[in-house]
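> Okay, here's the prediction I keep looking at, along with the sequence it came from:
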Amino acid sequence: MAGCRVFLCIMFCLVAGFAAPAASMTVSVSDVAPAQGVPFIVSASTSGPVDNLAVVWKGVSWPMRNTAPGQYEALVGIDLAASPGSESLVVEQMTEGVCLRRNETIRVVEKVFPVQRLSLPKTMVEFDKATLSRIEKERLALTERFSRVTLPVLWLFPFLPPVDGYRPENFGVRREINGEKKSPHTGVDIRLPAGTPVRSIADGVVALAEEQFFGGRTVTIDHGGGVFSVYMHLQSYCVKEGLRVSRGETIGAVGATGRATGPHLHFGVRVPGGRVDPSLLFALPGK
Ligand SMILES: [Zn+2]
């Protein structure tokens, strides 16, 4: 596809003092100039089976999934608030005395997100000490979940939209409330009648299921390897932390809990690298 570059890397490694031929490796990236908020695929082909192939991205090592003999892939992305410019991405075999290694340069392109200006009553934007402490505790709970890099990698292409009637709005919108800049909107909103079933976009394990101040009834699913999906403002959820869920399994229902002006699903996705537009996930050309 456009913007795709392929590299051939033939290397040799020394094992116990003997020169042993190592596998050769080809690496390709589905988008070498992705914009802020864009997920992309890193693929590797090796001439023989290799263990522990990983992508080093944003200073963290993320496991690659073995899709077929000698075929590996990882899903990574550009955080919606990442700085534009060049970033290094490395594919390497994570064993002692690295045998296979390939370096790729990713050029992060700036995207212009819409700005939404809202005027809200003070009671909706100013909180007492106890509420602020609750908000911070809940934010930390989510951050802790997102820092996990679990195995096995459970997600598979294609991902499944979380609802029937998937009409996403507002990804990355920069919000200004009463003239003050707030955090960007990190997911999409899908307006649907309360009670509409919400399902998991891929296999995974429930990493969080709790009622939060902003998000209301919130479910986070860990799909393995640093990929997470988040579902907020649920009327109800029918899962608990630690439960294994399958792609398409109902996890709850659309509602308006937490800070919501009407029934809708707030849906977000995190991949290695940060918060990406979940709608782009459904269009990725995985194997
Ligand atoms: Zn939202």
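Looks like it arrived, so ask away. Numbering: from 1, shown residues only.
> contacts and neighbour counts: CA atoms only from here.
Noted.
> On the three-state scheme, residue 232 is what?
strand (DSSP: H, G, I helix; E, B strand; the rest coil).
> ok, the residue nearest to it when sequence neighbours are not counted - contacts?
Nearest in space to residue 232, with sequence neighbours left out and distances taken as CA to CA, 6 or more residues apart in numbering, is residue 218 at 4.5 Å. By CA atoms under 8 Å, 6 or more residues apart in numbering, the contact set of residue 218 is 208, 209, 210, 211, 212, 230, 231, 232, 233, 234, 237.
> cool, and residue 165?
Contact partners of residue 165, counting by CA under 8 Å, 6+ apart, are residue 192.
> how would you label it: helix, strand or coil?
Applying three-state DSSP: residue 165 is coil.
> so how far is the ion from it?
Residue 165 is 17 Å from the ion, where distance means CA to the ion, to the nearest Å.
> What of residue 205?
Distance from residue 205 to the ion, by CA to the ion: 23 Å.
> one step back: which strand residues sit across from the residue nearest to residue 232 in the sheet?
Going by DSSP bridges, residue 218 is paired in beta bridges with residue 210.
> Need the pLDDT of it.
Looking at residue 218, its pLDDT reads 98.
> What of residue 97?
62.
> same question, residue 1
39.
> same check, this time on residue 23
71.
> what kind of secondary structure is it in?
Residue 23 ends up coil, using three-state DSSP.
> And the residue of the stretch 1-150 of the chain closest to the ion?
Proximity of the stretch 1-150 of the chain to the ion (CA to the ion) peaks at residue 116, 12.6 Å away.
> Show me the beta-bridge partners of that residue.
residue 175.
> Burial check on it, number of neighbours?
Residues within reach of residue 116, counting by other CA atoms under 10 Å, total 14.
> Return the distance of it relative to residue 233.
Separation of residue 116 from residue 233 (CA to CA, to the nearest Å) stands at 20 Å.
> same check, this time on residue 259
Distance from residue 259 to residue 233, by CA to CA: 8 Å.
> Up against the ion, what does the chain have?
By the rule CA under 5 Å from the ion, the part of the chain lying against the ion is 189, 266.
> how about the helices of the chain, start to end?
122-125, 129-146, 278-281 (DSSP state H).
> Buried ones in the second one, by neighbour count?
Within helix 129-146, the residues that qualify as buried by neighbour count (16 or more other CA atoms under 10 Å) are 135, 138, 145, 146.
> re the thing from before, switch the helices of the chain over to TSV; also include mean pLDDT and distance to residue 89.
Formatted as TSV, the helices of the chain follow (pLDDT from 0 to 100; distance: least, CA to CA, whole Å):
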stretch	mean pLDDT	distance to residue 89
helix 122-125	81	40
helix 129-146	95	20
helix 278-281	96	20
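> Mind putting those into CSV with distance to residue 241?
Shown next, in CSV, are the helices of the chain (distance: least, CA to CA, whole Å):
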stretch, distance to residue 241
helix 122-125, 30
helix 129-146, 11
helix 278-281, 22
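> Just send the contacts of residue 218 back as TSV, with distance to residue 197 and pLDDT too.
Output for these, formatted as TSV (distance: CA to CA, whole Å; pLDDT from 0 to 100):
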residue	distance to residue 197	pLDDT
208	18	97
209	16	97
210	18	96
211	18	97
212	20	96
230	15	98
231	12	98
232	13	98
233	13	98
234	10	98
237	10	98
